[in-house]
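Novice: Pasting the sequence and the predicted coordinates here, then a few questions.
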Amino acid sequence: MSGEPQLIAPTGDQEPPAVRPGGAPAADETLEDYTLRFAPRSYRRWTPMVVATTALGGIAYLADFSIGAGIGLTHGTGNALAAIALAAAVIFVTGFPLAYYSARYNIDLDLITRGSGFGYYGSVLTSVIFASFTFIFFALEGSIMAQGLKLGFGLPLWAGYLVSTLMVIPLVIYGMKALSKLQVWTTPVWLLLMAGPLLHLIVTDPGTVDRWLAYAGTGGDGGVNTASVLLGAGVCLSLIAQIGEQIDYLRFMPPKTRANRRTWWTAVVMAGPGWVVLGALKQAMGVFLAVYILSEVGPVAATEPIQQFRGAFDAMMPSWLVVPLAVVLVVISQIKINVTNAYSGSLAWTNSVTRVSKHYPGRMVFVLVNLAFALVLMEADMFSFLNSILGFYSNCAIAWVVTVATDIMVNKYLLKLSPLAPEFRRGMLYAVNPVGVVSFVVASGLSIALYFHALGDTLQPYSPVAAALIAFVLTPLMAVATKGRYYLRRADDGIDEPPLDADGNPSATVHLCHVCRQEFERPDLTACRTHGAVVCSLCLSTDKLGDHVLPADPMAVRAAGA
């Protein structure tokens with residue numbers, strides 16, 4: 001059937017037509033946590049502040065202390081603080097539009113990426129990059145926990161890696177419902193253990209602040225220079241992909257209304273781009289603690305958070321309590337972040353594989369896949385070459401996030417070449433949109449070449465800057481060159497009902513998908529090509545023959561501002 005489908009207004013109680021067996025996706029959507037689709041209003045029962053607290057609980061990781069320490073010990077405190085501030089500014093600016101789109105339209109970063117310049121299959125590339133981010137940081141946090149278990153219990157590192165991997169599995173099975181409780185209840189304890197010793201040191205020994213600020217680094221003279229700042233910022237900017245994990249929680253924000261507007265915006269800013277404020281503070285604390293314990297443990301151990309907090313606790317409490325408390329802090333932090341890493345990684349892998357294979361194996365399969373990758377990295381001792389891994393990875397992450405953020409800020413709102421309302425459903429988008437894909441590939445490719453000295457040693461520190469600038473410039477240029485024609489394959493989804501309500505929130509009206517025979521809210525559905533009914537986004541994704549996918553609309557024009 002190649003003609004236009006009839007506009008339909010489904011009632012939700014119509015008798016579904018006969019369909020081929022085996023078309024139903026996962027039946028328990030609560031268990032699967034709406035892995036590949038819009039998060040419906042009926043599931044989003046949390047208040048804005050509970051969502052924000054849950055999202056912020058995921059940044060309890062101690063890797064920031066290692067990252068900050070590594071930069072500070074190499075380049076000196078002045079360069080480290082400048083690098084941390086520069087990276088934080090870039091991460092905040094690029095994270096804001098992504099966080100807003102997720103909270104407003106209740107979709108994750110992959111779904112945002114699809115409609116923001118990459119296309120339905122084009123964003124598979126970025127999903128794999130995000131999945132890589134999650135297992136790299138899972139491995140980093142798992143390594144930190146293993147160091148703590150070795151110090152506290154004498155457990156060999158290889159066994160600590162295994163323990164830190166296996167213990168998160170039960171916690172990620174039930175998604176947001178379990179994670180919200182875990183993050184809310186553990187956050188106060190984590191904050192007390194993290195901030196308490198640092199404040200004690202500053203108050204009781206103000207000289208530690210002077211020694212910290214004066215530290216020149218192993219290869220520096222104490223002055224601030226551009227190359228050192230940019231090299232440090234490149235490592236910090238590897239964390240730019242953290243916004244994807246924040247968004248995996250922010251998509252469960254309740255609808256924005258006049259009554260909750262102030263609280264809603266506060267929660268979005270805090271838990272979205274605002275995560276980097278606490279992240280930057282932790283990196284600066286990592287420099288402080290590394291300088292404080294440097295003479296006692298040496299430069300290698302000074303980058304290990306367990307050693308940093310052992311030294312800090314030792315200054316304020318009896319010796320018998322020092323190691324147990326340091327281990328408790330490391331374990332709590334590792335659990336809080338690695339349940340998020342495992343959860344977000346499973347979403348990213350599932351998104352990618354389901355679209356390519358048109359088969360939905362379930363999210364838990366990819367929880368195990370992600371954990372396996374992380375365990376291999378840990379056993380390979382990735383902690384010893386941490387900054388090299390992050391410096392390389394940051395080029396890809398920066399190019400991706402800046403491309404999507406630029407498409408939203410410039411192509412949607414200024415040039416109006418990209419549709420204002422995000423689109424993610426198969427059939428509505430082109431398979432590949434050159435705007436985002438070309439911008440990302442060129443920006444990441446050139447910046448990686450710079451990173452590996454392909455254009456000389458002088459330009460090597462500028463690779464993260466190159467990734468950001470190229471993506472920022474090329475994204476609108478590509479939109480203008482293509483006249484925005486590759487954003488929407490169709491401007492009409494065949495349902496005679498708006499997807500947004502009067503307040504601009506996704507509509508909560510419910511209709512029956514005729515393939516899986518489950519009810520879904522309006523934004524998750526399109527008309528079916530052949531059956532005169534509606535079909536949900538996941539059934540469209542797993543439709544191997546394309547029977548349900550709407551045909552391209554030859555008369556469609558870009559729906560900028562729609």
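Specialist: Arrived safely, thanks for sending. Numbers count the residues shown, from 1 in each chain.

Novice: Quick check: phi and psi on Pro318?
Specialist: Pro318 has phi and psi values of phi -60, psi 150 when expressed as degrees, to the nearest 10.

Novice: What separation is there between it and Leu325?
Specialist: Taking CB to CB, to the nearest Å as the measure, Pro318 and Leu325 are separated by 10 Å. Bear in mind the C-beta positions are built from the backbone N, C-alpha and C, glycine included.

Novice: higher neighbour count, those two?
Specialist: A side-by-side neighbour count of Pro318 and Leu325, using other CB atoms under 10 Å, places Leu325 first with 19 against 8.

Novice: ok, that one touching Met316?
Specialist: No. Leu325 is not in contact with Met316 according to CB atoms under 8 Å; the separation is 9.9 Å.

Novice: Tell me who's in contact with the residue most central in space within the chain.
Specialist: Residue closest to the mean C-alpha point of the chain, counted by CA atoms, centre = their mean, is Gly244 at 1.7 Å. If a contact means CB atoms under 8 Å, 6 or more residues apart in numbering, then Gly244 has 108-109, 130, 133, 344, 348 as its contacts.

Novice: any idea which of these is least confident?
Specialist: pLDDT across the contacts of Gly244 is at its lowest for Ser344, which sits at 79.

Novice: Would you check that that one makes contact with Gln242?
Specialist: No. Using CB under 8 Å, Ser344 and Gln242 do not qualify as a contacting pair, with a distance of 9.6 Å.

Novice: okay, the contacts of Gly244 in a markdown table with distance to Ser66 and neighbour count next?
Specialist: Listed next are the contacts of Gly244 as a markdown table, based on distance: CB to CB, whole Å; neighbours: other CB atoms under 10 Å:
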| residue | distance to Ser66 | neighbour count |
| --- | --- | --- |
| Asp108 | 28 | 28 |
| Leu109 | 25 | 32 |
| Phe130 | 21 | 29 |
| Phe133 | 16 | 25 |
| Ser344 | 20 | 29 |
| Ala348 | 24 | 29 |
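
Novice: Between all of those residues, which two are at the greatest distance?
Specialist: Pairwise distances among the contacts of Gly244 were taken by CB to CB; the largest, 13.8 Å, belongs to Asp108 and Phe133.

Novice: burial count for Gly234?
Specialist: Gly234 sits with 30 neighbouring residues when counted by other CB under 10 Å.

Novice: Just the residues contacting the host helix or strand of it, thanks.
Specialist: Here Gly234 sits within helix 226-236, counting by DSSP states H and E. With contacts defined as CB under 8 Å, 6+ apart, helix 226-236 is touched by 67, 70-71, 74-76, 79-80, 82-84, 86-88, 90, 217, 220, 280, 283, 387, 390-391, 394-395, 451, 461-465.

Novice: Start and end of stretch 396-415, how far apart?
Specialist: Using CA to CA, to the nearest Å, the end-to-end distance of stretch 396-415 comes to 25 Å.

Novice: Show me which residues of it are buried.
Specialist: Using 16 or more other CB atoms under 10 Å as the test for burial, stretch 396-415 gives 396-412.

Novice: could you pull out the strands for the stretch 451-562 of the chain?
Specialist: With DSSP state E, counting those that start in this stretch, the ranges of strands along the stretch 451-562 of the chain come out as 510-512, 519-521, 525-527, 534-536.

Novice: any idea which of those is most buried?
Specialist: Most buried of the strands of the stretch 451-562 of the chain, by mean neighbour count (mean count of other CB atoms under 10 Å): strand 534-536, with a mean of 29.

Novice: average pLDDT across that one?
Specialist: Averaged across strand 534-536, pLDDT comes to 93.

Novice: What are the contacting residues of it?
Specialist: 8, 10, 37, 495, 511-516, 518, 520, 524-528, 543, 548.

Novice: Low-confidence ranges, the stretch 151-300 of the chain, go.
Specialist: Counting by pLDDT under 70, the stretch 151-300 of the chain contains low-confidence residues at 173-184, 186, 219-222.

Novice: show me where it has helices.
Specialist: Assigned by DSSP state H, counting those that start in this stretch, the helices in the stretch 151-300 of the chain fall at 157-166, 169-172, 175-204, 207-214, 226-236, 242-250, 261-271, 275-301.

Novice: Tell me which of the ones you listed is the most buried.
Specialist: Mean neighbour counts were taken over the helices of the stretch 151-300 of the chain using mean count of other CB under 10 Å, and the top value, a mean of 28, falls to helix 242-250.

Novice: quick one, that one and helix 275-301 angle?
Specialist: Between the axes of helix 242-250 and helix 275-301, defined by axes from the mean of the first three to the mean of the last three CA atoms, to 10 degrees, the angle is 130 degrees.

Novice: Return helix 242-250 as CSV; C-alpha atoms alone will do.
Specialist: In CSV, the C-alpha atoms belonging to helix 242-250 read as follows (Å, rounded to 0.1, in the frame of the first residue of the first chain):
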residue,chain,number,x,y,z
GLN,A,242,27.0,12.8,31.8
ILE,A,243,24.1,14.9,30.7
GLY,A,244,22.8,11.7,29.1
GLU,A,245,22.6,9.9,32.4
GLN,A,246,20.9,13.0,34.0
ILE,A,247,18.3,12.9,31.2
ASP,A,248,17.6,9.2,31.8
TYR,A,249,16.0,10.5,35.1
LEU,A,250,14.8,13.9,33.9
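
Novice: got any ranges where the stretch 451-562 of the chain has weak pLDDT?
Specialist: Residues of the stretch 451-562 of the chain meeting the criterion pLDDT under 70: 554-562.

Novice: where along it do the helices fall?
Specialist: Under the criterion DSSP H, counting those that start in this stretch, helices of the stretch 451-562 of the chain are mapped to 463-482, 537-541.

Novice: could these go into CSV alongside mean neighbour count and distance to Trp190?
Specialist: Conversion of these to CSV gives the following (neighbours: other CB atoms under 10 Å; distance: least, CB to CB, whole Å):
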stretch, mean neighbour count, distance to Trp190
helix 463-482, 22, 30
helix 537-541, 24, 36
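
Novice: out of those helices, nearest to Val365?
Specialist: In terms of CB to CB, the element of the helices of the stretch 451-562 of the chain nearest to Val365 is helix 537-541, at 15.4 Å.

Novice: so what secondary structure elements neighbour the closest one?
Specialist: Helices and strands in packing contact with helix 537-541 are listed as helix 319-357, strand 525-527; criterion 3 or more CB pairs under 8 Å, 6 or more residues apart in numbering; DSSP states H and E.
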